[in-house]
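Chemist: Here is my input, please return the structure:
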Amino acid sequence: MKKMMFIIVGILFVIFLGLIFSSRVIGSVYIKDYNVKENKMTLNVGVLSSSGYVRKLKGYTRDNKYYIKFYSTYGINNKLGSKDNFEINIENIEEIYLYGDNKEYKLVLKKNEEGKWIRFK
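Modeler: Here you go, the predicted model:
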């Protein structure tokens, strides 16, 4: 009986670790919509692939540019913990790049000459 409990606990622990370490960078995220208020921008995002949900955003700035990577929820097609909206600080930022499936950052939003944010095609 003790051996069986040990095996069950071990299996559950392995499954738990698998879920924790299964979050990965998603390159198929796109910006559905965005809203600018003072020095903050709210990004409403979606995922192009049929499976996967966004859990978190990690970004960094360099030379007035903001580079963003999105990470999936834990597990396969797990909606638990997913988010669609993320707020970023855009003070002194002129361009926003998203990490894509081709493992490169792609320019998606930039300020025009009037200082208004526009989509970059």
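Chemist: Enumerate every residue touching the residue positioned nearest the centre of the chain.
Modeler: Centroid-nearest residue in the chain: Phe70, 1.9 Å away (criterion: CA atoms, centre = their mean). With contacts defined as CB atoms under 8 Å, 6 or more residues apart in numbering, Phe70 is in contact with 25-26, 29, 45, 54, 56-57, 98-99. (Glycine included, C-beta is placed from N, CA and C.)
Chemist: where does Met5 land in three-state SS?
Modeler: helix (DSSP: H, G, I helix; E, B strand; the rest coil).
Chemist: Can you show me the strands along this structure?
Modeler: For the chain, applying DSSP state E gives strands covering 25-26, 29-37, 40-47, 54-62, 65-72, 85-89, 95-99, 105-111, 117-119.
Chemist: out of those strands, deepest packed?
Modeler: The highest mean neighbour count among the strands of the chain, using mean count of other CB atoms under 10 Å, belongs to strand 95-99: a mean of 21.
Chemist: any idea how far Trp117 is from Ile7?
Modeler: Distance of Ile7 to Trp117, given as CB to CB, to the nearest Å: 56 Å.
Chemist: neighbours around the spatially closest residue to Lys106 that is not a sequence neighbour, how many?
Modeler: Nearest residue to Lys106 in three dimensions, chain neighbours excluded: Gly100, at 5.0 Å (CB to CB, 6 or more residues apart in numbering). By other CB atoms under 10 Å, the residues close to Gly100 number 16.
Chemist: I figured Gly100 hits Gly27, correct?
Modeler: Yes - using CB atoms under 8 Å, Gly100 makes contact with Gly27 at a distance of 4.7 Å.
Chemist: if we can go back for a sec, mean pLDDT lowest for which of the strands of the chain?
Modeler: Note on these: strand 25-26 shows the lowest mean pLDDT, a mean of 86.
Chemist: Check which helices and strands that strand sits against.
Modeler: Counting by 3 or more CB pairs under 8 Å, 6 or more residues apart in numbering; DSSP states H and E, the packing neighbours recorded for strand 25-26 are strand 65-72.
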